[in-house]
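# return a 3D structure for these sequence lines:
(one chain, ligands or ions: 1)
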Amino acid sequence: MQVITAVQALKQYIRVLKERRSTIGLVPTMGALHEGHLSLVRQAKKENDAVVVSIFVNPLQFGKNEDFSRYPRTFDNDCNILSQEGVNIVFNPGASEMYPDGFCTAVIPESLEDKLCGKSRPGHFRGVAVVVLKLFNLIQPDVAYFGQKDFQQTVVIRRIVSDLNAGVTIKVLPTIRDQNGLALSSRNAYLSETERNDALCLYQALIRAQSLVKTGIVNTEEMVREMEKIISQSKSATIDYISVVNPETLESVQKAQSGDVVALAVRIGKTRLIDNVILTIYEQPILSDT
Ligand code: PAF
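Numbers count the residues shown, from 1 in each chain. This is a model prediction of the structure:
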């Protein structure tokens, strides 16, 4: 496994892979790897000749008062894991390598950036969009892999790929959860034991939403009220938002349909967690007399 920190060196490795006509799978990460990331790496490994994992805690996607400086950084451990997974290249640039002096270009996912998480994290999705597009330009992957947990991020990335003809196939893989249902996230490392228990309310609320629609309750105001009731039982929980949205536009819907997404962000103590489910609503079987 090659660990590369410089853009020039990365370009040379990519040139060799392209000359050999190797297909490239990219898994962009900020490190502090968990089983969620590894599910993406394993899928990339299955489907491509070479796998590149980027590890870069991207300053442009953190707000001033957010957790950039204390975001978990476990680089050596991450590299050990990735080498065991058979990853070919780890790209781990410094901030000045990615954003040298004079860097001033923005990628603005206009109608998507002020919805859901974008409301309380202004500028976040511009930061994600620019770094992901830069990684695509540098690595020229055939396929890039993302987790469904960051649902809005996947919508933004699909949009920029389509709008700017980035020529990368985007694959979104299911959220990986612990045995209690908590979505794996690098930020779970911030939670105390009690908070980790409180954090289960996110998934419990999502399951409630899914079971309501299965019983025919598709009015989203009612769904959100029921979810709020569940979350309010956890002492350390404060709701940022709960929304049922169209999976492409992220516009709120009043009546939920199959494929719509229930997304939420909840603060557990000081830690902001997100999660979502894609709704499935079964059609009523048509009963026949025969
Ligand atoms: O999901 C993440 O870890 C980050 O937002 C990403 C896609 C690596 C961009 O920094």
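
# not including adjacent chain positions, what is the nearest residue to the residue positioned nearest the centre of the chain?
In the chain, the residue lying closest to the centroid (C-alpha atoms, centre = their mean) is residue 150, at 2.7 Å. Across the structure, with C-beta to C-beta, 6 or more residues apart in numbering as the measure, the residue nearest residue 150 apart from its sequence neighbours is residue 274 (7.1 Å). Every residue, glycine included, has its C-beta placed from N, CA and C.

# ditto for residue 142
Counting by C-beta to C-beta, 6+ apart, residue 142 lies nearest to residue 23, which is 4.5 Å off, once chain neighbours are set aside.

# right, and the one you found touches residue 50 too?
Yes: when contacts are counted by C-beta atoms under 8 Å, residue 23 is listed as touching residue 50 (7.2 Å).

# burial of residue 20, as a residue count?
The local packing count at residue 20 equals 9, with neighbours defined by other C-beta atoms under 10 Å.

# so what's the residue in the stretch 51-200 of the chain that the ligand sits nearest to scoring on pLDDT?
Per C-beta to the nearest ligand atom, residue 58 is where the stretch 51-200 of the chain lies closest to the ligand, at 4.0 Å. Predicted confidence (pLDDT) for residue 58: 98.

# check contacts around it.
Counting by C-beta atoms under 8 Å, 6 or more residues apart in numbering, residue 58 touches 30, 98, 127-128, 131.

# how about CSV for these, with distance to residue 42, neighbour count and secondary structure added?
Compiled in CSV, the contacts of residue 58 are given as follows (distance: C-beta to C-beta, whole Å; neighbours: other C-beta atoms under 10 Å; DSSP: H, G, I helix; E, B strand; the rest coil):
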residue, distance to residue 42, neighbour count, secondary structure
30, 19, 18, coil
98, 26, 20, helix
127, 27, 18, helix
128, 23, 24, helix
131, 23, 21, helix
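
# direction included, what does the host helix or strand of residue 27 pair against?
Here residue 27 sits within strand 24-29, counting by DSSP states H and E. Each strand pairing with strand 24-29, determined using DSSP bridges, is listed with its direction: strand 50-55 (parallel), strand 143-147 (parallel).
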